[in-house]
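I'll drop the sequence and a predicted model, then ask my questions.
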Amino acid sequence: MGHEVRYRVRGGRQLHGTVFIQGAKNAVLPMIGASLMAAKGRTVLRNVPIIEDVRRAVELARAIGAKAELHETERTLVIDASSLSSPVLPADIASRFRGSFLFVPALLHRLGEAVIEGVGGCNLGSRNLDFHYNGFKRMGATVTEHVADNGDGIIHIKAGDLRGGTLYCDTPSHTGTENLIMAAALAHGTTLIKNAALEPEVLDNIAILQAMGARISGGGTGFITVEGVDELTAVEHTVMPDRIDAGVFVMAAAITGGDLNLVGATLEHLGVAADKLEQMGVEFHQQGAVLQVRRDRTLRPINVITDEYPGFATDLQSPIMALSCLAEGPSYIYERIFDGRFKLADELGKMGADIEVDGNRAKVNGPRGLRGAEVEAHDLRCGSALVLAGLAAEGETTITSAYYLDRGHAHTAERLSQLGAEIVREAG
Ligand SMILES: CC(=O)N[C@H]1[C@@H](OP(=O)(O)OP(=O)(O)OC[C@H]2O[C@@H](n3ccc(=O)[nH]c3=O)[C@H](O)[C@@H]2O)O[C@H](CO)[C@@H](O)[C@@H]1O
Ligand SMILES: C=C(OP(=O)(O)O)C(=O)O
């Protein structure tokens, strides 16, 4: 697993200045999956976030035979998938990030099968993949599971002759939609995907696939039509900015009472989260590609219900829980997407927060002054929420298990330090 990563934050400083929003984790991962579908040429991805999930994706691409070079300074990833050779997604890499499952369509089309030894990602309670499997099956694949000697379940998907059909997601799954689009892109005939996800990253993935030669229409409508083509070609593409990274920096300004310029952030991509933050007292001003944000009035409490885009993103639910600890009154949070995201409440409790959890609902009794403590990042967004809490707390906060934070945010300590925060990352 590598070294234990910790962040130490000394709170109490207002943040000011300009910060660059990274490329989107949830856009680049499906794009790496898409690039593996090109049988020749080199895909060039720009504005790639230098995060642990991308490093794992590069390792996984190499493990199945692709050539992948991550140029970290240039934030550019070059992938040559012409030599794809192994259908096995090995557990030691694949089980460390959710995006590993986005490699499956390429393996089905290029090698006729995919063997999944493990799928990772944040441990957020039940995270099913049935919409993906059912979709692949409707296209003609067979899916079998057997148990390995060590007791782990191994999924074997055989492609057969993938053909288009009518597919659906019971709820608009983000990666489910991406996987079904990619599976349909090289299948025979036409596919209709109903109840498709509307997230901006899904649209960015459609954009790169279209540039590669895929015939996809209906992105952003909930009904996506894909007409299969014979091959996809390698292209160059710039990854969209990460709206969750942007949301966290908005909240860093809000929780410290500061003002920031977020380069690359788009207010519209925050969906309902922008309105909720405005209701709390945050002011926004979009000037072209720069989003100005400040908070200089008292924080008001808020009601949040997580939902698919453009609803309030579940990935911003933990950060807003941290922010609402400082609000003048009780805030109510209803988590509808993942049932395992409230471990954060106990960690914030160690810092002095008063949060009552009842199933997937939480009541945050604000305002409470936060104080530094040793806390644990149970998942990626728990990690970013604890950094936010640390920025506002009196004294020093130590965040352990912070590999999770590094899964999704690049150069966290450097970017926050440049804005005036006292934060260091320690590994070892
Ligand atoms: C790599 C990536 O893009 N990760 C994002 C993606 O995860 P991910 O794509 O895994 O999330 P989904 O949209 O698929 O999951 C949403 C909900 O649907 C359920 N479900 C999903 C698929 C399925 O086959 N069966 C099923 O029941 C899940 O258990 C969950 O309750 O969207 C989530 C919700 O916006 C984000 O938090 C993650 O950051
Ligand atoms: C849940 C998340 O990611 P993943 O789906 O990659 O685990 C997240 O980004 O908060």
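Great, that's in hand. Ligands and ions are numbered 1, 2, ... in the order given.

Low-confidence bits of the protein, can you list those?
Where the chain drops to pLDDT under 70, the residues are 1-3, 120-126.

Can you name the residues of it sitting close to ligand 1?
Within the chain, the residues that sit near ligand 1 (CB under 6 Å from any ligand atom) are 26, 29, 98-99, 126-132, 171, 173-176, 314-315, 337-338. In short, each C-beta sits where N, CA and C put it, glycine included.

filter those residues to the buried ones?
Neighbour counting by 16 or more other CB atoms under 10 Å classes 26, 29, 98-99, 127, 129, 131-132, 173-176, 314-315, 337-338 among the residues of the chain next to ligand 1 as buried.

wait, isn't residue 278 in contact with residue 284?
Yes. Counting by CB atoms under 8 Å, residue 278 touches residue 284, with 6.7 Å between them.

So these two - more neighbours on which side?
Counted by other CB atoms under 10 Å, residue 278 and residue 284 do not tie: residue 284 has more neighbours, with 16 against 12.

give the contact list for the more buried one.
Residues counted as contacts of residue 284 (CB atoms under 8 Å, 6 or more residues apart in numbering) are 250, 267, 274, 277-278, 291-293.

circling back to that earlier point, return the subset of the residues of the chain next to ligand 1 lying in strands.
Judged by DSSP state E, strands contain none of those.

ok, which of the residues you listed also contact ligand 2?
Within those, those near ligand 2 by CB under 6 Å from any ligand atom are 98-99, 315.

related to what we said a few turns ago, most surrounded residue in the contacts of residue 284?
Neighbour-wise, the contacts of residue 284 (other CB under 10 Å) top out at residue 250, 28 neighbours.

Does ligand 2 have contacts with whichever helix or strand it is part of?
Using DSSP states H and E, residue 250 sits within helix 243-256. No. Figure legend: helix 243-256 not in contact with ligand 2 (CB under 6 Å from any ligand atom); closest approach 6.6 Å.

Please spell out which residues along that helix are buried.
243-256.

next helix or strand past that helix?
Taking DSSP H and E, what comes next after helix 243-256 is strand 259-263.

by contact count, what packs against the helix or strand just after that next one?
Later in the chain than strand 259-263, the nearest helix or strand by DSSP H and E is helix 272-280. Helices and strands touching helix 272-280, by 3 or more CB pairs under 8 Å, 6 or more residues apart in numbering; DSSP states H and E, are helix 243-256, strand 283-287, helix 317-324.

Relative to the whole chain's centre, how far out is the second one?
Using CA atoms, centre = their mean, to the nearest Å, we find the averaged C-alpha position of strand 283-287 to lie 24 Å away from the chain's own average C-alpha position.

likewise stretch 385-405?
Computed by CA atoms, centre = their mean, the chain-centroid distance of stretch 385-405 equals 20 Å.

is ligand 2 contacted by that stretch?
No. Stretch 385-405 does not reach ligand 2 (CB under 6 Å from any ligand atom); its nearest approach is 8.9 Å.

list the buried ones in that stretch?
Buried positions in stretch 385-405, judged by neighbour count with 16+ other CB under 10 Å: 385-393, 397-399, 401-405.
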